[in-house]
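Peer 1: pasted the sequence and its predicted model underneath.
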Amino acid sequence: MFRYEDLLKEVETFCRYGAETGVVGESELGERIPYVFVGRKNGYRMIVQASIHAREHLTALVAVCLAKHLLKHPELPIEGGIYFVPMTNPDGVRLCQEGVGFITDKQRKSNLLAINGGSDFTLWKANADGVDLNVNFDARWGEGVQNAYYKSSGNYVGREPFSAAETRALRDFTLRLKPVVTLSYHLKGEEVYWEFGQKGHRRLRDKRYAEAISKYTGYPLVTLNGSVGGYKDWCIERLHIPAYTIEVGNDGFDHPFPYGELSAIVRQNLDLPRRLLNTVVRDRKRLRGTGLDALYE
Ligand SMILES: [Zn+2]
């Protein structure tokens, strides 16, 4: 199992090998949410985030492996830089893997046990406050068909958009970096979500990149109805950039998802971030000054 402490060790290793590392912000319990940067600093940027859902902690290790691949292969051209945020929800991952033992606040501990209905947290998706971070973004917030309006192991939208420390941290990080594209890794289903009401040229553009992702990974494109408030949704609706959710891992397996699938998943996604960023950047450069660059504003 890939734990939060393993991630911190990996981040140190990246640092030793000369990669820039840093902190996106802090979780509800005050833990650092680290990032690892690969590529060129003065170019276009991409964000790859994973494990926003606690029980999908395998995706944190996937993100680390993808970042490592790029670090090991500096000869592969990158048209900019990629910020990998492997574990957006560190508290949730700890809860999922360790239970409430590490929670020091007694009140929080008993609340969490009550919300969860027991001490087995292996299927927990939310943060340490019972908020599902991927429905807490300000993009048709609270209108989802599966949304819950009470604290829960999953699907609770929070008091208001960005009520959770982790979503505020990722929002502010994203606004500061102004990425040209984002990828969110989730588990499971082997599918790609790309749609959130884009119209006209932006719709064609985002679908075209989605088709390229599908071709590379072998995962089909899926249009979700009634799913709102996610990071990808917010990137599309508020930032007008192409943004994708990739559900890795075969649906034939149940949660807790077997780590034995890691190498297959990594293989299917190995060079995806770099290829996607390069494609998006080349399009931007090609359209610069043609009048069509308004497409990207
Ligand atoms: Zn998920």
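Peer 2: Structure received. Numbers count the residues shown, from 1 in each chain.

Peer 1: quick one: name the residues of this structure near the ion.
Peer 2: 53, 56, 186 (CB under 5 Å from the ion). C-betas here are computed from N, CA, C, even on glycine.

Peer 1: give the helix, strand or coil label for the closest residue to the ion within the stretch 101-250 of the chain.
Peer 2: Closest approach between the stretch 101-250 of the chain and the ion, counting by CB to the ion: His186, at 3.4 Å. Recorded secondary structure, His186: strand (DSSP: H, G, I helix; E, B strand; the rest coil).

Peer 1: run a quick neighbour tally on the closest residue to it other than its chain neighbours.
Peer 2: Spatial nearest neighbour of His186, excluding adjacent residues (CB to CB, 6 or more residues apart in numbering): Glu247 at 4.9 Å. As a burial measure, Glu247 scores 19 neighbours (other CB atoms under 10 Å).

Peer 1: one step back: pull the contacting residues for the residue of the stretch 101-250 of the chain closest to the ion.
Peer 2: Contacts for His186 were tallied using CB atoms under 8 Å, 6 or more residues apart in numbering; they are 50, 52-53, 56, 59, 134, 245-248.

Peer 1: also Gly226?
Peer 2: 144-146.

Peer 1: okay, and which of the residues you listed map to strands?
Peer 2: Judged by DSSP state E, strands contain none of the contacts of Gly226.

Peer 1: now the buried members of these.
Peer 2: Taking 16 or more other CB atoms under 10 Å as the criterion, what is buried in the contacts of Gly226 is Gly144.

Peer 1: still on that earlier bit, could I get the residues of the chain next to the ion as a markdown table with pLDDT?
Peer 2: What follows is the residues of the chain next to the ion, written out as a markdown table (pLDDT from 0 to 100):
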| residue | pLDDT |
| --- | --- |
| His53 | 98 |
| Glu56 | 98 |
| His186 | 98 |
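
Peer 1: any idea which element the residue nearest to Ala128 when sequence neighbours are not counted lies in?
Peer 2: Spatially, and ignoring its direct neighbours in sequence, Ala128 is nearest to Asp91 (3.7 Å; CB to CB, 6+ apart). Element membership for Asp91 (DSSP states H and E) is helix 90-98.

Peer 1: and Gln49, which of the three is it?
Peer 2: Of the three states, Gln49 takes strand under three-state DSSP.

Peer 1: could you check the distance from it over to the ion?
Peer 2: Gln49 sits 11 Å away from the ion, going by CB to the ion, to the nearest Å.

Peer 1: I'd say that residue and Leu177 touch.
Peer 2: No: if you go by CB atoms under 8 Å, Gln49 and Leu177 don't touch, sitting 11.7 Å apart.

Peer 1: settle it for me: which of the two has more neighbours?
Peer 2: Set side by side, Gln49 and Leu177 show more neighbours around Gln49, with 27 against 17, by other CB under 10 Å.

Peer 1: alpha carbons only: can I get stretch 92-102 in CSV?
Peer 2: Extracted C-alpha coordinates of stretch 92-102, given in CSV (Å, rounded to 0.1, in the frame of the first residue of the first chain):
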residue,chain,number,x,y,z
GLY,A,92,-8.6,10.9,3.8
VAL,A,93,-5.9,8.4,2.6
ARG,A,94,-4.6,8.0,6.1
LEU,A,95,-8.1,7.4,7.4
CYS,A,96,-8.7,4.9,4.7
GLN,A,97,-5.5,3.0,5.4
GLU,A,98,-5.1,3.4,9.1
GLY,A,99,-8.5,4.1,10.6
VAL,A,100,-9.0,6.9,13.2
GLY,A,101,-6.0,5.9,15.3
PHE,A,102,-3.9,8.9,14.2
